[in-house]
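J.: pasting the structure only:
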């Protein structure tokens, strides 16, 4: 992570980087919740049906798999110096 003011301590830089990662994870969880809820829950009730529970599990699993794939692909491409997917 580049900082325009080089007077920022390495500890502060690490803290900012960690907090940025936490924010990204929270954003991903929020997106996951929105997408899977809208896809799987037809009528909210006091409990989840078996179909809804299974749908949520599958949706969350696919969301995580795709996110990991994209991150791995981006890391691989950035390491190779290629900006295209």
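T.: Everything's here; your move. Everything numeric here is computed off the predicted structure, so don't read it as measured data.

J.: for the spatially most central residue of the chain, what are its contacts?
T.: Central residue of the chain (Cα atoms, centre = their mean): residue 28, 3.3 Å from the mean position. Neighbouring residues of residue 28 by Cβ atoms under 8 Å, 6 or more residues apart in numbering: residue 67. (Glycine included, C-beta is placed from N, CA and C.)

J.: tell me which element it is part of?
T.: For residue 28, the element it lies in under DSSP states H and E is helix 10-40.

J.: tell me which helix or strand in this protein has the weakest average pLDDT.
T.: helix 50-80 (a mean of 87; mean pLDDT, DSSP states H and E).

J.: ok and that helix relative to helix 10-40, angle-wise?
T.: 140 degrees (axes from the mean of the first three to the mean of the last three Cα atoms, to 10 degrees).

J.: for helix 50-80, buried residues please.
T.: The neighbour-count check on helix 50-80 (16 or more other Cβ atoms under 10 Å) flags 52, 55, 56, 59, 60, 63 as buried.

J.: how about stretch 24-34?
T.: residue 32.

J.: mind checking the pLDDT average for it?
T.: Taken as a whole, stretch 24-34 carries a mean pLDDT of 87.
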